[in-house]
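Asks: Dropping the sequence and predicted coords here.
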Amino acid sequence: MAREGTEHWPATPPATALFADDLLDGEVALITGGGTGIGEEIAVAYAELGADVAIASRNMDHLEPVAERIEATGQSACATTVDVREMDRVEEMVETVTDELGDITVLVNNAGANFVTPTESLSANGWRSVVGTILDGTAYCSMAVGERMIEHGEGGSIISMGATNSVNGAPYHAHSGAGKAGVHNLMQTLGAEWAKFGIRANTIAPGIIETEGIAGAVGGELPEMLLEEIHADRFGQPADCVPLAVFLASPAANYVTGAYYSADGGHLLPNVPF
Ligand SMILES: CCCCCCCCC/C=C/C(=O)SCCNC(=O)CCNC(=O)[C@H](O)C(C)(C)COP(=O)(O)OP(=O)(O)OC[C@H]1O[C@@H](n2cnc3c(N)ncnc32)[C@H](O)[C@@H]1OP(=O)(O)O
Ligand SMILES: NC(=O)C1=CN([C@@H]2O[C@H](COP(=O)(O)OP(=O)(O)OC[C@H]3O[C@@H](n4cnc5c(N)ncnc54)[C@H](OP(=O)(O)O)[C@@H]3O)[C@@H](O)[C@H]2O)C=CC1
């Protein structure tokens, strides 16, 4: 099933082959959900490019092996548990990371949740569990880290994982689509409000990326028929999302805020002439 690359749509090379190896020297990055999938790939890439990296999620079993991968690059790591749906846990996380690694300069709101279900079968608790993680979690982490960035006075970069499902509706994952649309709007708001503090806020919107998380969300393997909608004729891999996350964390994006970048192999583009 995995399609890492095809003749016309080869695999995205590792960050070390694309960027200067000191690009993120001096940065302290916090990546929520950094123990699995896309977040893990971003965490390791940031460390390989010189950042100290903190990762946080509910389950320490996910985090410890990734912290070891970060340390193997020679950078410092911090692994700490958090449920991003709870503001007091988020505040504790930010305190722990700041104590261990110093002031956070890059926040990646990557923790996510989804499952596929008809909306008429979606319970209030099901809605809350997903929207709480995606939208409340992104807001709480951005507010807690943003407050520190403002106090510290040296700006920073906030990067949130959106999704292409935020654009044209999200049949059978209404909670996710609505939450991700809110995430993009929130990044635009913060980009506007916090520009005066030198804080940039941007959204990356993956298409369909092969991870254990999405397999769980769709209840098994991704159906092959979905490829008919993807011009690249392959599903994405976590590595396909990394270059945008590196770019947005780096000085290359010093004039970029409120932006929305998709990494979706053309999933959002129409494939019929009418
Ligand atoms: C087709 C093409 C697509 C193509 C899809 C393309 C999508 C691209 C966009 C985004 C993709 C991704 O994010 S992929 C990444 C996904 N990653 C993850 O989901 C990882 C984290 N997930 C989780 O922790 C869990 O799966 C999740 C349920 C979301 C939260 O767990 P919690 O322990 O907080 O919650 P729980 O107590 O288990 O459940 C809370 C409520 O949700 C309900 N619930 C849980 N799973 C349910 C399910 N499958 N169907 C109905 N309802 C469900 C429960 O019954 C509860 O409601 P009550 O019974 O009423 O109490
Ligand atoms: N894969 C895809 O096709 C797409 C993914 N995305 C988005 O990209 C991001 C990464 O997705 P992907 O790598 O596939 O998914 P994963 O399921 O691998 O990653 C989600 C991560 O979030 C953490 N997490 C979930 N809920 C919480 C919570 N309440 N508090 C703290 N951490 C939490 C999980 O760790 P733990 O269980 O330890 O808490 C896990 O590490 C998500 O925001 C997702 O919505 C967007 C579009 C498509």
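Replies: Perfect, I can see it now. Ligands and ions are numbered 1, 2, ... in the order given.
Asks: Briefly note if stretch 73-90 comes near ligand 1.
Replies: No: interface with ligand 1: stretch 73-90 contributes nothing (C-beta under 6 Å from any ligand atom), its closest point being 7.9 Å away. Heads up, the C-betas are built off the backbone N, CA and C, glycines and all.
Asks: isn't L227 right up against D233?
Replies: Yes: between L227 and D233 there is a contact under C-beta atoms under 8 Å: 6.0 Å.
Asks: you'd agree L63 is in a helix?
Replies: Yes: judged by DSSP: H, G, I helix; E, B strand; the rest coil, L63 forms part of a helix.
Asks: Contacts only, for D25.
Replies: Listed by C-beta atoms under 8 Å, 6 or more residues apart in numbering, the contact set of D25 reads 50-51.
Asks: Kindly provide the distance from it to ligand 1.
Replies: To ligand 1, D25 is 31 Å away according to C-beta to the nearest ligand atom, to the nearest Å.
Asks: and that residue, helix, strand or coil?
Replies: Classified using three-state DSSP, D25 is coil.
Asks: Can you tell me how far it is from R58?
Replies: 31 Å (C-beta to C-beta, to the nearest Å).
Asks: do I230 as well
Replies: Look at I230 and R58: by C-beta to C-beta, they are 31 Å apart.
Asks: Compare these two and say which is more crowded by neighbours.
Replies: Between I230 and R58, counted using other C-beta atoms under 10 Å, the more crowded position is I230 (20 against 17).
Asks: Quick check, that one in contact with E210.
Replies: No: here I230 does not reach E210: they are 11.9 Å apart, not a contact under C-beta under 8 Å.
Asks: Tell me the strands beside the longest strand along the chain, with direction?
Replies: In the chain, taking DSSP state E as the definition, the longest strand is strand 199-206. Partners of strand 199-206 in the sheet, by DSSP bridges, are strand 156-161 (parallel), strand 260-263 (parallel).
Asks: Helices along the stretch 51-200 of the chain, start to end?
Replies: Per DSSP state H, counting those that start in this stretch, the stretch 51-200 of the chain carries helices over the ranges 60-72, 87-101, 124-131, 137-152, 174-193.
Asks: Reformat the ones you listed as JSON lines; add distance to ligand 2.
Replies: Shown next, in JSON lines, are the helices of the stretch 51-200 of the chain (distance: least, C-beta to the nearest ligand atom, whole Å):
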{"stretch": "helix 60-72", "distance to ligand 2": "4"}
{"stretch": "helix 87-101", "distance to ligand 2": "8"}
{"stretch": "helix 124-131", "distance to ligand 2": "8"}
{"stretch": "helix 137-152", "distance to ligand 2": "6"}
{"stretch": "helix 174-193", "distance to ligand 2": "7"}
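Asks: okay, those in JSON lines with distance to S262 and mean pLDDT next?
Replies: Putting these into JSON lines (distance: least, C-beta to C-beta, whole Å; pLDDT from 0 to 100) gives the following:
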{"stretch": "helix 60-72", "distance to S262": "25", "mean pLDDT": "98"}
{"stretch": "helix 87-101", "distance to S262": "27", "mean pLDDT": "98"}
{"stretch": "helix 124-131", "distance to S262": "21", "mean pLDDT": "98"}
{"stretch": "helix 137-152", "distance to S262": "17", "mean pLDDT": "98"}
{"stretch": "helix 174-193", "distance to S262": "11", "mean pLDDT": "98"}
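Asks: Nothing else from me, thank you.
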